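**Q** please find the sequence and the predicted model below.
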Amino acid sequence: MMRTFVGVKILLGTKMHSVLDEVRQELRYEKIKWVDLSTLHVTLFFLGDTTEPVAKVVCKFISDSFSQTNAFSLLISGLGAFGERGNPRVIWIGLEPNKHLNDIQHRVEQLAVALGFQPDARGFNPHITIARVKGKSNASLVYRVLSEYGPQIQQQVHIDEVILYKSELTPIGAMYTKYCSQNLANRIG
């Protein structure tokens, strides 16, 4: 068994890296585990424990379904947190609604459900996780920093590949490797 999910890779520009470095600096005394910015992605469907034969079915589906799907752009915008208001657990970058992303996600979810996986009861809430808050934090500081720097987080990102990721949990955090992928048609850039 391996832990897997389907997603799209997110590459941030230099300006976004600089803004996020400032956010990290502002929150340096909080118990926050920051994600390596080279591994940023949007999870379309978290499969979880997956056998090799099922992973191969997912790979064939990704290849067959998305080879003729055009690449597209997403607008990332803002910062926020999941968790109870007084206890942020996950810090994220937001995404403006996008029909293309929603269509790909819907198609992946249909396959996953047909294979016996359970959809997220909360529905699809596209975001880019950038940190996990460990333990109790100064919630008012976290929300103030996210509110202050959020308006500076805005960039078009190009989506030109759908990926089945293998996720391995390690003491230093999750490690993501590409199990298989499909480039989208008419790649941008």
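**A** Received, thanks. These figures come from a predicted structure and were not determined experimentally. Numbering: from 1, shown residues only.

**Q** OK, contacts around the closest residue to Pro151 other than its chain neighbours?
**A** Once flanking residues are discounted, Pro151 sits nearest to Gly78: 7.2 Å by Cβ to Cβ, 6 or more residues apart in numbering. Glycine gets a C-beta too; all of them are placed from N, C-alpha and C. Gly78 is in contact with 93-94, 150-151, 153-154, counting by Cβ atoms under 8 Å, 6 or more residues apart in numbering.

**Q** restricted to buried residues, select these in PyMOL.
**A** Taking 16 or more other Cβ atoms under 10 Å as the burial criterion, the selection of buried members of the contacts of Gly78 in PyMOL is written as:
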select buried, resi 93+94+150+153+154
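
**Q** out of the contacts of Gly78, what pair is the most spread apart?
**A** The most widely separated members of the contacts of Gly78, counting by Cβ to Cβ, are Ile93 and Pro151 (12.5 Å).

**Q** please render the contacts of Gly78 as CSV that adds distance to Ala114 to the earlier fields.
**A** As requested, the contacts of Gly78 are exported to CSV (distance: Cβ to Cβ, whole Å):
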residue, distance to Ala114
Ile93, 31
Gly94, 30
Gly150, 38
Pro151, 41
Ile153, 36
Gln154, 37
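
**Q** among the contacts of Gly78, name the ones in strands.
**A** When the contacts of Gly78 are checked against strands (DSSP state E), the matches are 93-94, 154.

**Q** in TSV: the residues you listed, plus distance to His41.
**A** Below are these laid out as TSV (distance: Cβ to Cβ, whole Å):
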residue	distance to His41
Ile93	11
Gly94	15
Gln154	19
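
**Q** and of those, the nearest to Thr177?
**A** Proximity of the ones in strands among the contacts of Gly78 to Thr177, judged by Cβ to Cβ, is greatest for Ile93, which lies at 22.3 Å.

**Q** three-state assignment of the residue nearest to that closest one when sequence neighbours are not counted?
**A** Leaving out its chain neighbours, the residue that sits closest to Ile93 by Cβ to Cβ, 6+ apart is Ile128, at 4.2 Å. At Ile128 the chain is in strand, as set by DSSP: H, G, I helix; E, B strand; the rest coil.

**Q** hmm, Trp92 and Ile128 touching each other?
**A** Yes. Contact criterion Cβ atoms under 8 Å: Ile128 and Trp92 qualify, at 6.0 Å.

**Q** out of the two, which sits in the more crowded spot?
**A** Just comparing Ile128 and Trp92: by other Cβ atoms under 10 Å the higher neighbour count belongs to Ile128, 23 against 19.

**Q** how close does the more buried one get to Gly78?
**A** According to Cβ to Cβ, to the nearest Å, Ile128 stands 11 Å off from Gly78.

**Q** cheers, nothing more for now.
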